[in-house]
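Trainee: how does the following fold in three dimensions:
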Amino acid sequence: MKIHFIAIGGSIMHQLAIQLKKQGHEVSGSDDTIFDPALANLKKEGICPAEFGWFPEKIDSDTEMVVLGKHAHADNPELAKAKSLDVRIMTFPELMYEHSKDKTRIVVAGSHGKTTTTSMIIHMLLSSGIDCDYLVGAKIEGVDGSVKLTKDAKYVVIEGDEYPTSAEDMRPKFVHYHPHVTIITGIAWDHANVFLNEEIYLKVFEDYILNLHKDTKVIYCKEDAQLNALAERLKDGDRFIPYKAHPFENIDGVTFLSLSDRKIETNIFGQHNMQNLCAAKKVSKLVGLPSDDFYKAAANFKGAAKRLEVLFKDEQLTIYKDYAHSPSKVRATVKAVKAKHGTKKLIAVSELHTYSSLNAEFLPQYKGALDAADVAVVHYDPEAMKIKRMPDLPGALVRTAFAKMDLFITNKKEDLAFLLDKIDFNDSILLLMSSGNYGGLDLEAIKKKGLIKETA
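Mentor: Sure thing, here's the model as predicted:
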């Protein structure tokens, strides 16, 4: 087939394009800008656009399918051209379902923990010799790419996002997947620019559950109060399967899974990750994986990229980078790191970068999120707010929202660098949490102190 991607530079979109090219399709694409690693990956495969922008002439009567990305606006000229030629238009969730109609579909949904739980399941299956296709929002160590499409794999594991599908389809992405098994990790209001209040956001998950096939297994976190209340209200029979955190212990900075007959050292830690692990264990049971195989996989799972990823470690300092940005993610991540390294000083730096986190009405959701930190810093860039067309956010409002009077607040990368340069990192943990990059800080201030080794 001749397939064209509108907004090919997305993290999932470009991986899908590469997979379709590898299957023998003729693939092209456009975008208004593309960043690494997508840029480098597309160049390597020979499908990177020669120039950025939208070019309707790329779509002609020979084009058999157009894949529409969320980044493309409704008035996109390439989309208009595709419609004028009556070319088949699909979004990537629709494409994933089309590909996996004859496979067992395992979909991970929820406000937090989706990427890690999806990664755990993929790792568990592949490590045990069970082939699977997948779509996940981050790189997994030892796994090639974040999207895999094959003809023969029996299972497909999909990270199911509640965010709108495209400019023309405001339904959540996860409604398109029609799973045989779904995990819901928890519900905590997010994406305030789309879901204007908590009630609207909760309704998205309620509708998701109500519209599942009557035989779909629903694995849900019983320890999430809002999700548990929803599941208890909607559940019908034994297809609803609750789970809670796997028992664990932190001993001298090392985390062990606690079994009845032994302890197993693991690379992951924190209550939230033990919930994710137990969700994956429920799936392993459904696919018939022996318990010993599951725990062998759990012991060598290294995590997904940017999820409590260790940037540096020596006797005095450990530096973690984490994607946490929503209130529930920040709160869980800070608590997990403090619990693991309780005797060390925890310096937590959280960047407000998303529309929700920079929204003054949403900001109170962060109350107490940094309380477990010994030194807490919140950074946000006024320039980023201008780009997002957001109103000014006074520092006093941020401090009140977090309910932490000793909170440090920085608005420029130079101010953040200066602050970090003055902190004593002896016997400390530095936790960097952001879905952005602190205005392009690149952590040079810390590197100059020799605390982060330069990478090749």
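
Trainee: state the distance from the residue nearest to H99 when sequence neighbours are not counted to V175.
Mentor: Spatially, and ignoring its direct neighbours in sequence, H99 is nearest to L149 (5.5 Å; Cβ to Cβ, 6 or more residues apart in numbering). To be clear about C-beta, it is placed using only N, CA and C from the backbone, and glycine gets the same treatment. From L149 across to V175, the span is 21 Å (Cβ to Cβ, to the nearest Å).

Trainee: same deal with Y380?
Mentor: Taken as Cβ to Cβ, the span from Y380 to V175 is 33 Å.

Trainee: D190 now?
Mentor: 17 Å.

Trainee: the more surrounded of these two?
Mentor: D190 (24 against 18; other Cβ atoms under 10 Å).

Trainee: that one and S111 touch, don't they?
Mentor: Yes - in this structure, D190 is within contact of S111 by Cβ atoms under 8 Å, at 5.4 Å.

Trainee: what do those two both touch?
Mentor: Common neighbours of D190 and S111, using Cβ atoms under 8 Å, 6 or more residues apart in numbering, are S326, S328.

Trainee: between the two ends of stretch 418-434, how far is it?
Mentor: Across stretch 418-434, the terminal residues are separated by 19 Å (Cα to Cα, to the nearest Å).

Trainee: now do the buried residues in it.
Mentor: Residues of stretch 418-434 classed as buried by neighbour count (16 or more other Cβ atoms under 10 Å): L419, L420, I423, F425, S428, I429, L430, L431, L432, M433, S434.

Trainee: do stretch 382-397 as well
Mentor: Buried residues in stretch 382-397 (16+ other Cβ under 10 Å): A384, M385, M390, L393.

Trainee: hmm, the last one is touching K386, no?
Mentor: No - counting by Cβ under 8 Å, L393 sits too far from K386 to count as a contact (11.4 Å).

Trainee: domain assignment for the protein?
Mentor: Domains of the chain are assigned by automatic domain parsing as 2-90, 100-300, 309-448.

Trainee: any chance of JSON lines for the ones you listed, columns mean pLDDT?
Mentor: Shown next, in JSON lines, are the domains of the chain (pLDDT from 0 to 100):
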{"stretch": "domain 2-90", "mean pLDDT": "95"}
{"stretch": "domain 100-300", "mean pLDDT": "94"}
{"stretch": "domain 309-448", "mean pLDDT": "88"}
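
Trainee: quick test: name the residue nearest the centre of the chain.
Mentor: T115 (4.5 Å; Cα atoms, centre = their mean).

Trainee: then that one would be within a strand, right?
Mentor: No - counting by DSSP: H, G, I helix; E, B strand; the rest coil, T115 is not part of a strand but helix.

Trainee: any idea which element the residue sitting furthest away from the middle of the chain lies in?
Mentor: Relative to the centre of the chain, and counting by Cα atoms, centre = their mean, the farthest-placed residue is S61 at 37.3 Å. Using DSSP states H and E, S61 is not contained in any helix or strand.

Trainee: and for it, nearest residue in space, chain neighbours not counted?
Mentor: Using Cβ to Cβ, 6+ apart, the closest residue to S61 is L85 (6.2 Å).

Trainee: counting neighbours, what do you get for the residue nearest to P172 when sequence neighbours are not counted?
Mentor: Leaving aside its sequence neighbours, P172 sits nearest to E162 (Cβ to Cβ, 6+ apart; 4.3 Å). Other residues near E162 come to 22 when the count uses other Cβ under 10 Å.

Trainee: where does E162 fall, phi/psi-wise?
Mentor: phi -90, psi 0 (degrees, to the nearest 10).

Trainee: the residue nearest to the centre of the chain reaches L308, doesn't it?
Mentor: No - in this structure T115 lies outside contact range of L308 using Cβ under 8 Å: 11.6 Å.

Trainee: how about the strands in the stretch 201-350 of the chain?
Mentor: Shown for the stretch 201-350 of the chain, the strands assigned by DSSP state E, counting those that start in this stretch span residues 217-221, 240-243, 248-251, 254-258, 263-266, 309-313, 317-322, 345-351.

Trainee: any chance of these in TSV, plus mean neighbour count and distance to L441?
Mentor: Below are the strands of the stretch 201-350 of the chain laid out as TSV (neighbours: other Cβ atoms under 10 Å; distance: least, Cβ to Cβ, whole Å):
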stretch	mean neighbour count	distance to L441
strand 217-221	24	34
strand 240-243	18	38
strand 248-251	14	30
strand 254-258	16	30
strand 263-266	15	31
strand 309-313	15	13
strand 317-322	21	12
strand 345-351	23	9
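
Trainee: closest to E45 out of these?
Mentor: Set against E45 and scored by Cβ to Cβ, the strands of the stretch 201-350 of the chain come closest in strand 309-313, at 25.9 Å.

Trainee: helices or strands next to the closest one in the packing?
Mentor: strand 317-322 (3 or more Cβ pairs under 8 Å, 6 or more residues apart in numbering; DSSP states H and E).

Trainee: tell me which residues are up against the strand it packs on.
Mentor: Residues outside strand 317-322 that contact it (Cβ under 8 Å, 6+ apart): 306-313, 329, 333, 337, 341, 344, 425-426, 428-433, 446, 451-452.

Trainee: the longest helix along the chain vs strand 217-221, what angle?
Mentor: Among the segments of the chain that qualify as a helix by DSSP state H, the longest is helix 271-286. With axes from the mean of the first three to the mean of the last three Cα atoms, to 10 degrees applied, the angle from helix 271-286 to strand 217-221 works out at 160 degrees.

Trainee: contact partners for the closest residue to S284 other than its chain neighbours?
Mentor: Once flanking residues are discounted, S284 sits nearest to F294: 4.4 Å by Cβ to Cβ, 6+ apart. With contact taken as Cβ under 8 Å, 6+ apart, F294 is in contact with M124, S128, A280, K281, S284.

Trainee: give me the buried positions along the longest helix of the chain.
Mentor: 271-284.

Trainee: swap in stretch 21-29?
Mentor: For stretch 21-29, by 16+ other Cβ under 10 Å, it's K21, V27, S28, G29.

Trainee: how far away from the center of its chain is that stretch?
Mentor: From the chain centre to the centre of stretch 21-29 is a distance of 26 Å (Cα atoms, centre = their mean, to the nearest Å).

Trainee: same thing with stretch 205-220?
Mentor: Using Cα atoms, centre = their mean, the offset of stretch 205-220 from its chain centre is 21 Å.

Trainee: distance between the ends of that stretch?
Mentor: 12 Å.

Trainee: give me the residues contacting that stretch.
Mentor: Under Cβ under 8 Å, 6+ apart, the answer for stretch 205-220 is 109, 162, 172, 174-175, 178-184, 187, 227-228, 230-231, 234-236, 239-243, 279, 282-283, 286.

Trainee: and with 7 Å instead?
Mentor: The contact list for stretch 205-220 (Cβ atoms under 7 Å, 6 or more residues apart in numbering) reads 109, 172, 174-175, 178-184, 187, 227, 230-231, 234, 239-243, 279, 282-283, 286.
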